[in-house]
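>>> Dropping a prediction and its sequence here:
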Amino acid sequence: MGRYERIFSLVLPIPPGELEKSAAYQALEGELRQSPFATKIAWDLLSRRRERLHATICGSLSKDVPYRISDDERAAPRQLGPLRVEVRGLFNFVDHLEAVEAAALHDLIQRWWDRSILTVDLNALWLLGASDDLVLDAGVEDVIPLR
């Protein structure tokens, strides 16, 4: 909900096409759209953030100037090889929830807490720079291969 100096973070990129095809994601989205708080979810941001979907590994590595990834730091993830990760929970609110809405969200979280929305194999990490909370202006500054 704010803007600030450009912040750079190390993130796991989430392939939007794979997420959208996931039956679990489609089921979760369906529940969210039918929930009492559905009008408070920023649905319009889904398409705007589509190519920047990610899970943050390490936030705020640097400000204003992109973090310089050393040769040693770049080599370490290659020793891991491709990562298999599970994705869980994806939505942004545009307003505070009322008590009934918060209770419905609590119930939904309880049902989905241990459920994977997507399992994906990743071959790279991103150094992502953004100057707004929702990463709408984000750019990939560097790609760190996992091979």
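That came through fine.

>>> got the CA positions of the lengthiest helix in the chain in CSV?
Longest helix in the chain by number of residues (criterion: DSSP state H): helix 99-112. Provided in CSV are the C-alpha atoms of helix 99-112 (Å, rounded to 0.1, in the frame of the first residue of the first chain):
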residue,chain,number,x,y,z
ALA,A,99,-15.6,-9.9,12.1
VAL,A,100,-17.7,-12.3,10.0
GLU,A,101,-15.3,-12.0,7.1
ALA,A,102,-12.3,-12.6,9.3
ALA,A,103,-14.0,-15.7,10.7
ALA,A,104,-14.6,-17.0,7.2
LEU,A,105,-11.0,-16.3,6.3
HIS,A,106,-9.9,-18.2,9.4
ASP,A,107,-12.0,-21.2,8.3
LEU,A,108,-10.6,-21.1,4.8
ILE,A,109,-7.0,-20.9,6.1
GLN,A,110,-7.7,-23.8,8.4
ARG,A,111,-8.9,-25.9,5.5
TRP,A,112,-6.0,-24.9,3.2
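
>>> what comes up buried for it?
101, 104-105, 108, 112 (16 or more other CB atoms under 10 Å). Glycine gets a C-beta too; all of them are placed from N, C-alpha and C.

>>> try stretch 28-45
Neighbour-count burial for stretch 28-45 [16+ other CB under 10 Å]: 28-29, 32, 35, 37, 40-41.

>>> quick one on the thing from earlier: so which of the buried residues of helix 99-112 comes closest to residue 144?
Closest approach to residue 144 among the buried residues of helix 99-112 (CB to CB): residue 112, at 30.1 Å.

>>> low pLDDT regions in this protein?
For the chain, the stretches with pLDDT under 70 are 1-2, 90-91.

>>> From one end of stretch 47-56 to the other, what's the distance?
Terminal residues of stretch 47-56 lie 19 Å apart, using CA to CA, to the nearest Å.

>>> ranges for the strands of the protein?
With strands called from DSSP state E, the chain shows them at 3-13, 54-63, 83-87, 118-122, 124-132, 139-145.

>>> out of those, nearest to residue 21?
Checked against CB to CB, the stretch from the strands of the chain lying closest is strand 118-122, at 8.8 Å.
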